[in-house]
Structure formats: C-alpha cells, structure tokens
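[1] Fold the following and give me the result.
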Amino acid sequence: MIDDCSVPSLVAKVHREDALSISAGAAELLLVANKPGLTETGGGHGAKGVDFQRWWAVLRMVEMERANEPDFLLLFETVQDVTELNSVNTPTRARVYQVKKKDRGEWTWSVLTGTTAPPKKKSSTTASKAVTPTFTKVSDSALGKLQLSLAAFNKLPVEAYFISNAGCDIPLAAGGNAATSMPCSLADFAPEHSQLLAQALHSLSADGSPVPDLTKLKLKRVAIHPDEPSSYVIKSALELLTQRSPPHAGQAASFVESLVTKISPLGRHTDTCSSFGDLVKQRGFARHEFISALGALETIPDHSAYLNDWLTQLQSEGMDFMVVTAMRAEAARVVREQLTGATLPVVQSLHDFCDVWLDANARGLGLRPYFEAGLAALRQDFSSFRDAELLARFAMRAIKKCVDPN
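    Down below sits the predicted model:
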C-alpha cells in the first residue's frame, strides 16, 4: 500500500498506537495521509486559492454545527486539500475534498477528467470515425486525483468531493447540466459521459480491481466569491449565531475572521507524521475547538451598540471624522484578537494601564475630554502605537468596565 522508505517504522508505530486504542479508521487515515503523491504540497493554487479553501472550511464547520453533527475533524493538506472525519478519536467515515476557486467560466470535461468529451450523438458515420480514448492524463486531472485518494482506502468508508465556486459543464442523465444542478455525483452524468469516466478512472486501478463507484465522487458548487470570500461565510455564521447566541449575532464577522486566522497556519508543514495525534496537532481543527471559539464569543459582550453610541457622541463633540472611522476599524480588530486569544504581552500591558487609569479617573460630562486625557496618558508609555489604536483599546476597556465590571 505505501511506497515510502519509512513504511516499516511507520507501520510499527501505528501498531503500537493500536495497542493504545487508536481506532482502525484513524490508523488507516494516517497511512493514507503519509502516502506520497496524493496531496498537492505547493504551487497548485497560490495565496488566493488557499484563502478560498480556508473560508470554505469555516463555512463547512458552520454547516456541520448547524446540522448538529456530534463531532468533526478537518485535516488540511491531508490526502487532498481537506479531509473531513466524523470523529477526532474514532472516525468511522471520511470525506476528502478538492477545493478550487475559478475566476471566470465553468469547469470543462477535459480539465476535470483528463480525457476528451464523448461526441454528443453517435451515427454510423461518427461511429466509423470514432477514436479510441486515451487516458494518459487522467491521473493528473481533478477527478483522477480524487479517485486515487478513494482507492487508497481499504477499510474506512470514504466519499470524495470536488468543491468550487464555479459549475461544471457536463450533461446529466436526467436532463440539464451539472453547472446548474450541483451537487450531484458522477453517476448522475449522461450515460455516454459516465461510461467513459468509469473507464478512465478504472485505468488508474491495478488489474482485477472493481470498476470505480461513481456515486462516491461528487461535485458541489458553493456561493463563495473568490474576490470576496467572507460575505457568504459571514451570512451563514450570522444564521448560526442568531439561532444559538442572539446577543452575539452582531459579532459574526469577527467570529469567522478569527476562525480563518486560527486555521490558516494548518497544513503549511506537510512532513510525514509518525502518529495520528501528530497529524491532528499539525494539520487538524476539531469541533471542540469550534465550540471553544463559540464559547469565547459568549464571554465577550457585544460591544458594538455601546461603541456606536460613543463614537457618535465623540463625533458630535467635535472629534475628527477620520479619527472616529479609524477607531471603529481598530475596535473590530481588537474583537477578533479577543476571539483568537492572541493578545501580545505589550498589548496586555496597555490594557492593564487602561484599567488602572479608568479606575483612577472619573468621567465628567463630556466624553471627548475624557478620551483625550486617556490618550495623553497612554502616549507617554505606549508611543509605538498609533493614536487610533490607543483610542480604540481605551474605548473597549472602558466599555468592558461598563458591561462586565468583573
């Protein structure tokens, strides 16, 4: 199964982990993840494509949470772009995903399959001129790579998905086109296309292998625009938060942006992993981490209403519009920082200074003089920060004392 020189030690390691109750599904996933040649490890997408994958991954987490999935684990740059398991510890099924953006047009048959599309209609003339299809490029095609991933598993039930913002220009057996009828499986293609595809994918298998099950390979289109991937994902998260935590629905944007920040480093290192635990640590993001992010959101009061009122008052008292706008942007960044738990020591010192100053200085009738006095004090010890950030952090600490004095 594995043609890597480190297989004996790797298998021995997996056997040791079996003794420590690693599930059969996790053990097989580890073996497949370490198999050379399956995962694209660089140069395939560029930064914009990877960004698209990360936004889609957050969308997928939100979808699973809204569907009340009891557990899930996403592994990045594992087997394909993303592998999804239904359990962190004892997976019993998997889904492997290729997640590809397309800036214009639809995906064509030749790009997806590495073969030439069959003629639309057969006649005695076209039949006599029919050319025997060649399958030399199938292994490098999108669907060919997904089939190779499926074939690498012997025990764990697996499905494969091609995910994109663009449709696929392929006729369906029931009429219509896959470009407008996604999601669909490859078995839904028009007969001449599904038969040719079955032959093409079968050419990747060893002699005597069964014909590929086209129902296990699926196409799905997502409404994520590659130039503005956040909008649709934030909308989906807003629906989840409106259902689960209405007081924090206004923080949907900060919530999804914090998740993208958390998962962005995952999968950057694709070295061979010696254990399933190492694989999860290096490339995984699990449901309990998603729930933890939701929990962190619940601990942060929705400051937006207070902040809007204060910014409106500051502007009415004569504070420059550009300063107010910059404060608003910096405050949004502070909320994302709180959700990710990534506060730097110097920033924590700044927050502590704000808390002490706020306790020692009572607010008068005007809000602007209070902020200007706080800014003057902050500048003395934190001159490396821009005024807009100092004011925003000062405002957020003041709001925290108003909303959550403990």
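[2] In stretch 312-319, which residues are buried?
    Along stretch 312-319, the positions that meet the burial threshold by neighbour count (16 or more other C-beta atoms under 10 Å) are 314, 319. (Glycine included, C-beta is placed from N, CA and C.)
[3] Give me the distance between the closest residue to D355 other than its chain neighbours and L390.
    Spatial nearest neighbour of D355, chain neighbours left out: R397 (5.9 Å); criterion: C-beta to C-beta, 6 or more residues apart in numbering. Look at R397 and L390: by C-beta to C-beta, to the nearest Å, they are 11 Å apart.
[4] Of those two, which one has the most company?
    The residue with more neighbours, out of R397 and L390, is L390; 23 against 19, by other C-beta atoms under 10 Å.
[5] so which strand or helix has that one?
    With the criterion set as DSSP states H and E, the secondary-structure element containing L390 is helix 387-403.
[6] Could you pull out the helices in the stretch 1-150 of the chain for me?
    Defined through DSSP state H, counting those that start in this stretch, the helices belonging to the stretch 1-150 of the chain, from first to last, are 7-19, 24-33, 47-66, 109-113, 124-128, 142-151.
[7] The stretch 201-350 of the chain too?
    Read by DSSP H, counting those that start in this stretch, the stretch 201-350 of the chain holds these helices, from start to end of the chain: 230-244, 252-263, 276-283, 287-299, 304-316, 321-340, 345-360.
[8] With E372 as the reference, name the closest of these.
    Relative to E372, the nearest member of the helices of the stretch 201-350 of the chain by C-beta to C-beta is helix 304-316, separated by 9.8 Å.
[9] Mind pulling the model confidence for the residue nearest the centre of the chain?
    In the chain, the centroid-proximal residue (C-alpha atoms, centre = their mean) is A57; its distance is 2.1 Å. Model confidence at A57, expressed as pLDDT, equals 97.
[10] the domain parsing of the protein - what is it?
    The record, using automatic domain parsing to delimit domains, assigns the chain the ranges 7-295, 304-403.
[11] show me where pLDDT drops low in the stretch 101-250 of the chain?
    121-131 (pLDDT under 70).
[12] Repeat the analysis, applying 90 as the threshold.
    Applying pLDDT under 90 to the stretch 101-250 of the chain picks out residues 117-134, 169, 175-183, 206-210, 244-250.
[13] Same check on the stretch 301-406 of the chain?
    301-309, 329, 331-345, 362-366, 396, 399-406.
[14] residues in contact with H225?
    Each residue near H225 by C-beta atoms under 8 Å, 6 or more residues apart in numbering is listed here: 165, 231-232.
[15] Among those, which one has the most neighbours?
    Ranked by neighbours (other C-beta under 10 Å), the contacts of H225 are led by N165, which has 20 neighbours.
[16] From what I see, that one and R221 are in contact.
    Yes - at 6.9 Å, N165 counts as touching R221 under the criterion of C-beta atoms under 8 Å.
[17] circling back: list the contacts for the residue nearest to D355?
    Applying C-beta under 8 Å, 6+ apart, one finds that R397 lies in contact with 351, 354-355, 358.
[18] Can you select the buried ones from these in ChimeraX?
    This is the ChimeraX syntax for the buried subset of those, where burial follows 16+ other C-beta under 10 Å:
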select :351,354,358
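[19] for the contacts of R397, which one is nearest R379?
    R379 lies nearest to C354 out of these, by C-beta to C-beta, at 12.7 Å.
[20] roughly how far apart are that closest one and Q80?
    With distances defined as C-beta to C-beta, the gap from C354 to Q80 amounts to 47 Å.
[21] re the thing from before, which of the domains of the chain is buried the deepest?
    Per-residue neighbour counts averaged over each of the domains of the chain give the maximum for domain 7-295, namely a mean of 17 (mean count of other C-beta atoms under 10 Å).
[22] So S245 sits against L294, correct?
    Yes - at 7.2 Å, S245 counts as touching L294 under the criterion of C-beta under 8 Å.
[23] could you check the distance from L148 over to D140?
    Looking at L148 against D140, where the rule is C-beta to C-beta, the gap reads 10 Å.
[24] which residues do those two both contact?
    When contacts are counted by C-beta under 8 Å, 6+ apart, L148 and D140 have no shared neighbour.
[25] Please work out the angle formed by the directions of the helix holding L390 and helix 321-340.
    60 degrees (axes from the mean of the first three to the mean of the last three C-alpha atoms, to 10 degrees).
[26] any idea of the angle helix 387-403 forms with helix 304-316?
    Our comparison of helix 387-403 with helix 304-316, counting by the same axes, to 10 degrees, yields an angle of 130 degrees.
[27] Also compute the angle for helix 387-403 relative to helix 345-360, please.
    For the pair helix 387-403 and helix 345-360, the angle between their directions (the same axes, to 10 degrees) equals 50 degrees.
[28] Looking at the contacts of H225, which one is closest to E317?
    Closest approach to E317 among the contacts of H225 (C-beta to C-beta): S231, at 34.3 Å.
[29] Give me the distance between L196 and A360.
    Separation of L196 from A360 (C-beta to C-beta): 78 Å.
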